[in-house]
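**Student:** Predicted model follows, preceded by the sequence.
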Amino acid sequence: MAERPSTGRPGTGRLTTERLREFFAPQSIAIVGASDTSGWARFVALSSTAIGFTGPLLPVHPRHATALGRPAVPSLRDLAEPADLAFIMAPTHAVESVLQDAGAAGVRSAIVLASGFREAGPEGRALEDRLVACARDQGVTLLGPNCLGFLNAHARTAPFALTIPLPLTPGPVGIALQSGALASVVLGFLRARAIGVSTLATVGNEAMISTADVLQYLAEDPDTRVICLFLEEIGDPVAFARAARAAEQAGKPIVALKVGSSPAGQQSALAHTGAVAGDDAVVSAFLADLNVIRVTSLEELLVTGALLGYARWPAGRRMGVLTVSGGACDLIADRAAVQGLDIPPFAAATVDAIAPHMPSFATVRNPLDATGYVLANSRTSVLTPVDHALDAAAGDPGLDLVLFAGLSLPDTRPPDERLAAALEARVAWVAQRISSSPVPVIPIGVTCTDVSPYAREVLGRHGLHQLGGIEFGLAAVGHAVRWTTRRQRPVQEGVRKVAPRAVSVTGPWSEARARDLLADAGVPVVPGELVTSADDAVRAAHRAGLPVALKICSAQITHKSDIGGVALNLCADDEIRAAYDRVRAAADQVPGAEVDGVLVTTMRSGGTELLAGVTVDPAFGPVLAVGLGGVWVEVLADTALRLLPADQAAVKQLLGELRGAPLLHGVRGNPPADLDALAGVITAIADAALSLGSALRTLEVNPLRVAGTQIEALDVLVVTGPARDPQ
C-alpha cells in the first residue's frame, strides 16, 4: 500500500451520521476482485470469520466462477440482491467502472483498496477527483482509496484487509487511523492488553469519508466511550473542530497521536513569533483548544484510551497509591510528580483503619507499600493487607482517586482448587469495592506486559481493566485529570468582532505607524515622538521623560541595532543631539530606505519583559503567541499559543501556562503583575492584529514590559502583505 497523500481532499459536503452508521455496519459484503490467489480477499474473509460475521460474503470476479469457496458473479450488477457494501479490489484503472456497477446495482457503500490516486501526483489527483464525482453521481459513499477498510466489533462486521489478532474484545475504544498498515500494530497491542474496541477505521486518502467524518460518527456511536486518533495531518480544521466539539459535548474524550513536525511555513523571518509558532506547535494549540489529549506514542495513545474507556474519570489530582512494593511506590511517586499529580497524606481515620492489617514493620503512609509479607505466610482469608487498605482508602475524603497496584494474576489458573477459588473470590471483592467506591479506583500493573488468557478471562468476567504499566499508566492518569479539569473551563465569552481596516502597506511597517495601530486598539505604548531634527529630539526627550532611547524610523530598516540605528540611556541634551545625528546618518547605509524620522521614547528598566505576537498559520489561521520576551525569547523558548479569536479569560489562562509564570507573581521585590490588566492588553494586541484581516502576516510586541499595574509596549513590528482571497 502506498502512503496516503499529504494534500487535502476535494470537498464533498458533510455525510450524515445516519449514512455513516449504515456504512460502518453492513450486513452483506461483496468482494470485488476476489479470487483464490488474492491475499487481500483472503484477509477480508478471515477477518469476517474472526469477528463473527454471519452475513453473506459475495465474491465478484469477471473471470472466476468461484472464489473463497463460494460461487462468484461477474459483476455487482449480477448480484441477486444489492450488497450493503462493496470492497473493491480492482486495479486502479478499473475502479471507476466498478463504482458505476455499484450504482446500477443499488450498492450504496464502497471501500477502495487500490493506490495510485491523489498520493501519486497530478495525474493521480485528477483520477481521484473523477472517482469522487463518479461516486457522487452513483449515490455511493466511498472510503479510501488507498484504504484497508474497517472493523466494527459490536456489529460483528469486518470488511478489513488485514489479519485480526485473536481474541478481539468488543469494547469502548473507537479508533481512526490515517495509516492503514499501522492497524495491525494497534490491534496487536489491543489484544495484548485486553483493550476492547468498538470501531477501528483506516481512512486512506479521505476522498469522501474523512477523519473528521469518522470522528463525528464515533462521537455519536453508543458503543464508543473514548476516541483514539492516529493523525498524519489535519486536512480540514473546521470539520475536525466541529466533530471534536460534538465529541466533547457527548462526554467522549479524544486522544490523538499526531506525527510529523516541519519547519514553520510562510512566516516572516523578521519576527520571533513565526519561529515559536511552528507548524507542530500550532497543531498542539489547536488540539488543546478542543480539549484533545495529545500523546507521543502508540502505547500512550492506547493505554490512555483504555483508562478513559473503562475507568471512572478522576475529578481532581489528589491520588492515593496502594502497592505491595516500595520500589513501585518510588516509581509511581516520581512519575506522578512529572504529571502534576499530588500524593497527599492519608486522613487519620484511613491510617487507623489500615494499620491493624499491616505487618508490624510496615509504615502506613501514602504512597503505601503493603509489602509482600503475605506471600511468606499462610493465607487465613480471601483478602490481603493491600485489599484492606483499598477498603479504607476508597473512603478517604482527601483523595480524588486511588491507584491500586496490588492485584496480579498468574498466567494460568492455579492447579490447587482452593487457591484458585480464593484468588477469584478476591478479584470479585476488588471489583465490587471498586464499583462502590466514592472515588475512581484505577487498577494498574507495574509493567506493560501482555495480559494472559487466564487474567483476561477473570478480569473481564468482573468488568476490570488493568492499566498497562507505571510509565504509560501514570501518563494516562495525568491526561485524564487534565481532560476533566479543562472540561470544566468556561465557554469563551466576550470575544469581540474586530472591524477590519484598509491596509495599503505590503511588507514591514515603520515603527511609528505600528505604534499608532496599537494605540488605536487601546494598547498602552511607551511615551515617544517622531522627530526630524536634533533640537526637536531634545524637546521630545524632555516631554517624554529622561532618560530616553532614539531609534531610526523606517519601514525598510527592521534590524535597527545592526546598523547603529539605536541609541540608549540618553540624558544630557548634547548626548541627545549627537545621538540623533549618529542614528540618522546610520540610515544612509541602507540603500533605498525611506526614513520617516527618529523615534524618541522613554527608557524603561525593571519589570518583566514578555513577547506577545500574532502570526498566521496557513491551515489554522491567526495564532497568538505569548512568552518571556526581550533577550529571553530565544534563550528560554518559553511560549504558549492560542488560536484566535480568544477572550481575555483565555489569554489569562495562556499566561498561566508559561514556565516563567511565577515571574508575574512578584519575585525579588518586584510587585506582582496585574494579570487581568495584562490579559486585557494582550487581547487588545490580538485585536489589532485581527483588524488587519487577511493582509496580516505578523504583528509582534517584543518586549511588552510589565511592572505591577504598568504595562507598555516598548517595541512593535508589523508586517502585512496582499490581502488573501477567502478559501
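**Tutor:** Now that the structure is in, tell me what you want to look at. Numbering: from 1, shown residues only.
**Student:** hey, let's count contacts and neighbours off CA atoms from now on
**Tutor:** Fine.
**Student:** Please work out which residues outside the lengthiest helix in the chain touch it.
**Tutor:** In the chain, assigned by DSSP state H, the helix with the most residues is helix 417-436. Contacting residues not belonging to helix 417-436 are listed as 382-383, 387, 391, 413-414, 440-441, 458-459, 462-464 [CA atoms under 8 Å, 6 or more residues apart in numbering].
**Student:** And the buried ones among those, selectable in ChimeraX?
**Tutor:** Selecting the buried subset of the contacts of helix 417-436 in ChimeraX, with 16 or more other CA atoms under 10 Å as the burial test, is done by:
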select :383,387,391,413,440,441,458,459,464
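**Student:** Name the nearest of the contacts of helix 417-436 relative to residue 242.
**Tutor:** Of all the contacts of helix 417-436, residue 242 sits closest to residue 440, with 30.3 Å by CA to CA.
**Student:** Quick one: mean pLDDT over the helix or strand harbouring residue 575.
**Tutor:** Element membership of residue 575 [criterion: DSSP states H and E] is helix 573-586. Mean pLDDT, computed over helix 573-586, is 96.
**Student:** and the next element down the chain from that helix?
**Tutor:** strand 595-602.
**Student:** Just want the angle from that following strand to helix 573-586.
**Tutor:** Put simply, strand 595-602 runs at 150 degrees to helix 573-586, going by axes from the mean of the first three to the mean of the last three CA atoms, to 10 degrees.
**Student:** quick one: residue 305 from residue 364, how far?
**Tutor:** 33 Å (CA to CA, to the nearest Å).
**Student:** Neighbour count for these two, which is higher?
**Tutor:** In this view residue 305 and residue 364 are compared by other CA atoms under 10 Å, and residue 305 has more residues nearby, 29 against 20.
**Student:** any idea how far the more buried one lies from residue 311?
**Tutor:** Residue 305 is 10 Å from residue 311, by CA to CA.
**Student:** mind listing what the residue of the chain most remote from its centre touches?
**Tutor:** Residue farthest from the centre of the chain, counting by CA atoms, centre = their mean, is residue 574 at 57.9 Å. The neighbourhood of residue 574, defined by CA under 8 Å, 6+ apart, contains no residues.
**Student:** Quick check: beta-bridge partners of residue 258?
**Tutor:** Counting by DSSP bridges, residue 258 is bridged to residue 231.
**Student:** Tell me the predicted confidence for it.
**Tutor:** 93.
**Student:** so how far is the helix holding residue 575 off the chain centroid?
**Tutor:** Mean-position distance between helix 573-586 and its chain equals 52 Å (CA atoms, centre = their mean, to the nearest Å).
**Student:** Just the C-alphas of it, formatted as PDB.
**Tutor:** Extracted in PDB, the C-alpha atoms of helix 573-586 (Å, rounded to 0.1, in the frame of the first residue of the first chain):
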ATOM      1  CA  ASP A 573      21.000  67.500  25.700                       C
ATOM      2  CA  ASP A 574      24.400  67.200  24.000                       C
ATOM      3  CA  GLU A 575      24.200  63.400  24.100                       C
ATOM      4  CA  ILE A 576      20.700  63.500  22.600                       C
ATOM      5  CA  ARG A 577      21.800  65.800  19.700                       C
ATOM      6  CA  ALA A 578      24.900  63.700  18.900                       C
ATOM      7  CA  ALA A 579      22.900  60.500  19.100                       C
ATOM      8  CA  TYR A 580      20.300  62.000  16.700                       C
ATOM      9  CA  ASP A 581      22.900  62.800  14.100                       C
ATOM     10  CA  ARG A 582      24.600  59.400  14.500                       C
ATOM     11  CA  VAL A 583      21.300  57.400  14.300                       C
ATOM     12  CA  ARG A 584      20.100  59.500  11.400                       C
ATOM     13  CA  ALA A 585      23.300  59.000   9.500                       C
ATOM     14  CA  ALA A 586      23.200  55.300  10.000                       C
END
